[in-house]
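> generate a structure from the sequence data that follows.
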Amino acid sequence: MQHSLRTIARALCCLLAVPTLAVAQRMPPLPDISKDVAEAKATLALPVVQKAMKYIESKQGDPKELIDTWVGLCNAAGPSGDEIYRSTHVKKLFQIYGLEDVHIDGALNVIGVRPGKGGGPKVVLNAHEDQIAIFSKDQPIEAFVADGRVWCPGAGDDLIGIVQMITILEAMNASNMETKGDVWFVTLTGEETDFRGGRHFARSNYPHHIDWAKGDVVMQFHGQGGGGATTGSTPLINDAKLWFFTPFERQIKGQEGSDRRWRSHGVDALAKAIIGIREQLTDPTRDCLRCADVSERAQFYVNMAMVQGMPVRNTPGSEAWVRLDLRSETKAGMERAHSEIMRVATEACQGIEGCRFQLEVMSRLGLETEISGWDKVNNRGARMAAATSQVLYGNPGLIDPTRGCGDCQGTYMEGLPSMSFRGDIVDYGKGKFERSSKYSQYGGLESPVRMRTSGHHATQSQQIVTLWAAAKHGLLFTATYAGVADKGM
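Numbering: from 1, shown residues only. Now for the predicted structure:
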């Protein structure tokens, strides 16, 4: 009976502790994009733009050269935080394709410029070049192509984005397209870790080179396209460790000899905390901080993936820790996450002699993403991303200010807003395309194979057919936004 009462009481406690508060995420109404649609239609009708589009169509028919470029990027390893091999490789590609002022900056970002004729805003196209650091850059990757996919770490996150930019660059060169505004091609580092590439790029170029207040726009490729854009950043992120400490002595007070009863210690406390966090604090529904098709999201999200105890097998573990990935849409949600973790840790220490704990926050990202005077929905870049998707694929146009990209977070933190092309279009060429949202969060074809393999792992792969929608979307966007200087062939 006592056991049953304790169980009921514990269940009630857990129900009270679970972060059930959720905030409805309602999409704001789409602004009037009729003028933007008309502008995009007029641009698409230009002979030089038609020629550029036909070039991309020709690559769809024979993509070998672009696939070779993709595989070459894969094999020039670029683990996050140590991207120099890949940066050097990208620099060479940018130089081969005729960009000017090509250089590797202080954060290992690669920047190249295709100068305009003047009279138009700058368009900064970018993708992140780093991959999750799952092994040393000295480990050969040996990417390969099979089943219509490129297989390598980072193939779809985000080397496909670099290939999409190169496709646009090739199309502009092949059609001799001249724009009014400069078009920048940029690969950013550190997206998978601390967003240092995006932050450094913004600090280095805003507002003296790139200024959103003067109409310049920053747009990222992340594999997807054809639908519009996400214009926000990312949730608040805390990279944290929960440490447990217990006395390391093995002696029993008042007795001689070692303590062979192996009393409870740090590893035991950690085990109890892991179970408590998993059962009490983990959102029982989907990972809704990453869901685009739900009306509500959890107040916070916590993931545990790295655990370590004392590196000694035959002694009580006097210390142990778990690495925590904490995310929330709001500061209040993050504060709640900290409070709940501390409560679970306190409970885990109960009954363990001398148990103490420490919640260590190693990094905080997303401290502030609001920029005075910047409208995340009704700005020309967002409207044009929505308009060009409508012209190409008949979409109503997506402008989602609640989500963004990692590099968007970095630039936002330094006062420079940026956006990311999104969409669920798979373009097969010659006017044939389909929407494949059933396989994706924001868009892009994700097959059952892709869903079984981790996007942040050595098993990552990406379907080759997903190249084209974002490339065409980005080409029309760039030509329309920067302005076409030479409207002939």
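> right, and residue 231 touches residue 402 too?
No: the pair residue 231 and residue 402 fails to qualify as a contact (C-beta atoms under 8 Å) at a distance of 9.1 Å. (Glycine included, C-beta is placed from N, CA and C.)
> who has more neighbours out of those two?
In this view residue 231 and residue 402 are compared by other C-beta atoms under 10 Å, and residue 231 has more residues nearby, 26 against 17.
> who touches that one in this structure?
With contacts defined as C-beta atoms under 8 Å, 6 or more residues apart in numbering, residue 231 is in contact with 376-377, 379, 381-382, 399-401, 404, 417, 419.
> give me the low-pLDDT residue ranges for the stretch 151-300 of the chain?
Within the stretch 151-300 of the chain, the stretches with pLDDT under 70 are 249-262, 283-297.
> can you give me the strands for it?
Ranges of strands in the stretch 151-300 of the chain, per DSSP state E, counting those that start in this stretch, are 183-188, 217-220, 228-230, 236-245, 296-298.
> CA atoms of the fourth one as PDB?
As requested, C-alpha coordinates have been extracted for strand 236-245 and formatted as PDB (Å, rounded to 0.1, in the frame of the first residue of the first chain):
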ATOM      1  CA  LEU A 236      17.700  29.700 -27.800                       C
ATOM      2  CA  ILE A 237      20.400  27.100 -27.400                       C
ATOM      3  CA  ASN A 238      22.400  26.200 -24.200                       C
ATOM      4  CA  ASP A 239      25.200  23.600 -24.500                       C
ATOM      5  CA  ALA A 240      25.400  22.400 -20.900                       C
ATOM      6  CA  LYS A 241      26.800  19.700 -18.600                       C
ATOM      7  CA  LEU A 242      25.200  18.300 -15.500                       C
ATOM      8  CA  TRP A 243      28.000  17.100 -13.100                       C
ATOM      9  CA  PHE A 244      27.700  14.900 -10.100                       C
ATOM     10  CA  PHE A 245      30.300  14.700  -7.400                       C
END
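> adjacent strands (with direction) for the helix or strand harbouring residue 325?
Assessed by DSSP states H and E, residue 325 sits inside strand 319-328. Paired neighbours of strand 319-328 in the sheet (DSSP bridges): strand 236-245 (antiparallel), strand 301-309 (antiparallel).
> in JSON lines, list those along with distance to residue 117.
Converted to JSON lines, these look like this (distance: least, C-beta to C-beta, whole Å):
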{"stretch": "strand 236-245", "distance to residue 117": "42"}
{"stretch": "strand 301-309", "distance to residue 117": "48"}
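> most tightly packed of the ones you listed?
strand 236-245 (a mean of 20; mean count of other C-beta atoms under 10 Å).
> tell me the buried residues in the strand holding residue 325?
319-324, 326-328 (16 or more other C-beta atoms under 10 Å).
> distance to residue 106 added to the strands of the stretch 151-300 of the chain, as JSON lines?
As requested, those are exported to JSON lines (distance: least, C-beta to C-beta, whole Å):
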{"stretch": "strand 183-188", "distance to residue 106": "13"}
{"stretch": "strand 217-220", "distance to residue 106": "19"}
{"stretch": "strand 228-230", "distance to residue 106": "28"}
{"stretch": "strand 236-245", "distance to residue 106": "23"}
{"stretch": "strand 296-298", "distance to residue 106": "36"}
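> coming back round to it: what's the lowest-pLDDT member of the contacts of residue 231?
Least confident of these in the model: residue 404, at 81.
> state the distance from residue 141 to residue 82.
14 Å (C-beta to C-beta, to the nearest Å).
> leaving out the residues flanking it, which one is nearest to residue 303?
Using C-beta to C-beta, 6 or more residues apart in numbering and skipping the chain neighbours, the partner closest in space to residue 303 is residue 325 (4.3 Å).
> list the contacts of the one you found.
By C-beta under 8 Å, 6+ apart, the neighbours of residue 325 are 237, 239, 301-305.
> switch to 10 Å and redo it
237-240, 301-306 (C-beta atoms under 10 Å, 6 or more residues apart in numbering).
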